[in-house]
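Asker: mind folding the following:
(one chain, ligands or ions: 1)
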Amino acid sequence: MGKFFYTLAASQFGEHNRSSTEAKLWVLMYHRILPVTDARYGQEEPGMVVTPEVFAMHLREAGKLFDLVSLTDWLARAESGLALPAKACAITFDDGWLDNYQYALPILQQQQIPATLFAVADKIGTPFRFWPNIVAELIALKSLALHRHPLLAAAARLIEQPYSAERVATCIGHLKAHSEDELFAALEAIDWPAELTDTAAPLLNWAQLAAMQHSGLVEIGSHTSTHRRLNKGLSASVLEYEIATSKRFLEQQLGQPIALFCFPNGDYDAETLARVRQHYQAAVTTRSGINLRGRLQRHELLRIALHNDASNTPTRFRARLSGWR
Ligand SMILES: [Zn+2]
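Answerer: Presented below is the predicted three-dimensional model:
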């Protein structure tokens, strides 16, 4: 079956087009919202970005198919046994990128659509850069420093070829075999900061985060304290810091209860999940699918990942919503 036919079939016959008595919840997962003309667009992994135009189109299309809801409102109604729309959809953003404030908030406000933003508590308002962005930028700069650490050998090989966002994304996927601590240690060992040209802080600051919250549309959730992936047999104190301390810190700074959690890279194990259950009303994963009220796993909510190439037309967007992949 050709890809086009598959997309067309998925766009027309997926769950989103079926009528059903069981309430369903689609949770859409976004990371960055950037215009193609923005310098930050070209260096980001393709799976991380949607343009403002495509994002606005998604919201309009989603509005035709679903009731667009706040994630906590939907969960609270489900918990209380209240009536729910047959097909609801909640918007989420991971990581707390500055571009969410610059480009996504105005569109949410224009269309009056609620969303949840998962912020990395210790990194808000700091110049912190996620290691995949540092690696991508070093490759783009053809930095020979990458040769200075064996862990970065796969990235170093890419500087001999023309820059390809797809190849870089594959390389980053391989590097995820290592822990955050190992990756940052390797990058620090090669003195990366001096090599980087763009020093603009990529993440939101507290004032911008508060402004999003005060819009009345955006709820803030925790995406841990430092964005460590929580699947490596981490110590109890590290888990406590990432899961519970991040919640307390966000609550102190923002003056609002933090009820939702988001697993970095979608990684967790039984121990992590148990702790998240203790501290949060619900949590989102990166596993793909549609949530059913009758089989709701509130701390392992499924999401649909959206990125530009896979969803830049209404037909492609509807195909993503089918939950078929
Ligand atoms: Zn993340």
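Asker: who's in contact with the residue of the stretch 201-325 of the chain found nearest the ion?
Answerer: The stretch 201-325 of the chain approaches the ion most closely through Pro264 (4.8 Å), counting by CB to the ion. The way it works is simple: take the backbone N, C-alpha and C, and place the C-beta from them, glycine included. Contact analysis of Pro264 by CB atoms under 8 Å, 6 or more residues apart in numbering lists 223-224, 227-230.
Asker: quick check: residues of the chain near the ion?
Answerer: Within the chain, the positions near the ion by CB under 5 Å from the ion are 94-95, 264.
Asker: now the residues you listed as TSV including pLDDT?
Answerer: Output for the residues of the chain next to the ion, formatted as TSV (pLDDT from 0 to 100):
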residue	pLDDT
Asp94	98
Asp95	97
Pro264	96
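Asker: now, which of these lie within strands?
Answerer: The strands, defined by DSSP state E, take in 94-95 from those.
Asker: who's in contact with the spatially most central residue of the chain?
Answerer: For the chain, Asp94 is the residue whose C-alpha lies nearest the centre (CA atoms, centre = their mean; 3.0 Å). Counting by CB under 8 Å, 6+ apart, Asp94 touches 29-31, 118, 223, 262.
Asker: what's the farthest-apart pair in these?
Answerer: Pairwise distances across the contacts of Asp94 peak at 13.0 Å for Tyr30 and His223 (criterion: CB to CB).
Asker: domain ranges for this structure?
Answerer: The chain breaks down into these domains under automatic domain parsing: 3-127+201-321, 131-195.
Asker: quick one on the thing from earlier: mind putting the contacts of Pro264 in CSV, secondary structure, neighbour count and pLDDT included?
Answerer: Formatted as CSV, these follow (DSSP: H, G, I helix; E, B strand; the rest coil; neighbours: other CB atoms under 10 Å; pLDDT from 0 to 100):
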residue, secondary structure, neighbour count, pLDDT
His223, coil, 26, 98
Thr224, coil, 25, 98
His227, coil, 22, 95
Arg228, coil, 20, 93
Arg229, coil, 18, 93
Leu230, strand, 24, 93
